[in-house]
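1. Give the three-dimensional model of this entry:
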Amino acid sequence: MKNRSRIALLMVALFMLFAVSIAANQSSSKIITLVDDKQVTHYQTDAQNVQGLLSQLNITLGEKDTVEPMLNTEITDNMKITIERWKPTVNLTVDGEATAQKTNAQTVGEFLTSLGLQIKEGDVVSPSVDTPITDGLNIEVKTKEIKTEVEDRPMSYSTKVVETADLAYGETKVTQEGKNGVKTVTLEREYLGGELVNENVLNVDVKEEPVEEVVLKGTYKANSITDVFTGENYTYTDVYDMEATAYTIGGDGWGNKTASGMNTFVGMVAVDPKVIPLGTKLYIEGYGIAIAGDTGGAIKGNIVDLFMNSESECRQFGRQHGLKVYVLEDQNIDVKAERTNY
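-> This next block holds a predicted model:
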């Protein structure tokens, strides 16, 4: 009986010791929440600080990983510990739209797949999909897109020129206004990265025909003469065959004043006012455009005396017969100004 009592007392003592040990252990453990790269886990631990907890859980921190709170922080009940795992940042541009992304992907292809971007035939990825991911890597994706588009385009009108003797030579007159037409064009356009790179015309329908413009062009030529010195064309109303001489300002007592009151200049000629009135604008064969601005005692009938710069020019010209003198239709010509083109 005594042995049985001793055994019973020993068992009670051991039970009480075990219970006290369990209670002591439970009182020293704490509940914490660990967020590791956004993955949430709850733990019961007796670790003294954050460093001890991570060691207890065999959690390793990378060189650029961060933990909050700091490693030497004492563990308290219901504490939240957050680990931010460092990830490289990639600069991504898709069809001109730029974003910055953090990623765990190892290659460009894995990174694009993680974003749900499916690379189709004809798309362009730079750098290539097997390029390793590095921090700050710039990735550009240009997607290919085929569109069918319809647009109206103008159709230029043509011009028809009809010659007519009812108009003076070189004169024109529009008898029917031209008008552009309209055509509807169906196009297949290829875009790469939002930029047009190719297009094909699928169909063309004429929506509105253009209206031809009709222009009359005059062929009638009045009496005309072309200035051999300037190429200018002049129309004339009358022509004379005249005897021609030349004069200049010399020591013979002639001044530079003329019968018309104008000063002499090359282009000033003396005439018989009964044949050609003073002030008449002329074209003289071999001399050019001129004005009848002077007279002379020896200038009677169909004789014209041409002003020249020097006596040597006058002697060289001498006296010529059958020189044609044209009376110009345009009597508003400024002869002196025109002569500057010679």
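
2. Residue 316 belongs to a strand, doesn't it?
-> No - counting by DSSP: H, G, I helix; E, B strand; the rest coil, one finds residue 316 to be helix, located in no strand.

3. Read off the pLDDT value for it.
-> pLDDT, residue 316: 95.

4. Repeat that for residue 298.
-> 89.

5. likewise residue 28?
-> Here, the pLDDT recorded for residue 28 equals 70.

6. which stretches of the protein have low pLDDT?
-> Applying pLDDT under 70 to the chain picks out residues 1-27, 250-255.

7. Show me where it has its helices.
-> 2-28, 50-56, 108-114, 311-317, 335-339 (DSSP state H).

8. tell me what the fourth one is packed against?
-> Identification of packing neighbours for helix 311-317 by 3 or more C-beta pairs under 8 Å, 6 or more residues apart in numbering; DSSP states H and E yields strand 233-247. Every residue, glycine included, has its C-beta placed from N, CA and C.

9. what about dumping the CA coordinates of the strand it packs on to CSV?
-> Provided in CSV are the C-alpha atoms of strand 233-247 (Å, rounded to 0.1, in the frame of the first residue of the first chain):
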residue,chain,number,x,y,z
ASN,A,233,5.9,92.7,-129.1
TYR,A,234,4.0,95.9,-130.2
THR,A,235,0.9,96.2,-132.3
TYR,A,236,0.8,99.1,-134.7
THR,A,237,-1.8,101.0,-136.7
ASP,A,238,0.3,102.4,-139.5
VAL,A,239,3.7,102.0,-141.2
TYR,A,240,5.8,104.3,-143.3
ASP,A,241,8.8,103.7,-145.6
MET,A,242,11.0,106.7,-144.8
GLU,A,243,14.4,108.2,-145.5
ALA,A,244,16.4,108.3,-142.2
THR,A,245,19.3,110.5,-141.0
ALA,A,246,20.9,110.9,-137.6
TYR,A,247,21.8,113.8,-135.4
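
10. Which parts of that strand count as buried, going by neighbours?
-> 234, 236, 240, 242, 244, 245, 246, 247 (16 or more other C-beta atoms under 10 Å).

11. Test my guess that residue 82 contacts residue 35.
-> Yes - counting by C-beta atoms under 8 Å, residue 82 touches residue 35, with 4.5 Å between them.

12. Pairing-wise in the sheet, spell out the partners of residue 284.
-> Residues in a beta bridge with residue 284, per DSSP bridges, are residue 288, residue 325.

13. Please determine how far it is located from residue 135.
-> 93 Å (C-beta to C-beta, to the nearest Å).

14. now residue 52
-> Counting by C-beta to C-beta, the gap from residue 52 to residue 135 is 32 Å.

15. how about the strands of the stretch 51-200 of the chain, start to end?
-> Remark: strands assigned in the stretch 51-200 of the chain by DSSP state E, counting those that start in this stretch are 66-68, 79-84, 89-94, 97-102, 124-126, 138-142, 144-155, 159-168, 172-176, 181-192, 195-208.

16. What residues sit buried inside the second one?
-> Of the residues in strand 79-84, those with enough neighbours to count as buried (16+ other C-beta under 10 Å) are 79, 81, 83.

17. same check, this time on the first one
-> Buried residues in strand 66-68, defined by neighbour count with 16+ other C-beta under 10 Å: residue 67.

18. which other residues reach that strand?
-> Identification of contacts with strand 66-68 by C-beta atoms under 8 Å, 6 or more residues apart in numbering yields 50, 54, 61, 81, 82, 83, 84, 86.

19. Also the second one?
-> Surrounding strand 79-84, the residues in contact under the criterion C-beta under 8 Å, 6+ apart are 30, 32-37, 50, 53, 59, 61, 65-69.

20. quick revisit: which of residue 284 and residue 135 has more neighbours?
-> It is residue 284, of residue 284 and residue 135, that has more neighbours when counted by other C-beta atoms under 10 Å, with 19 against 11.
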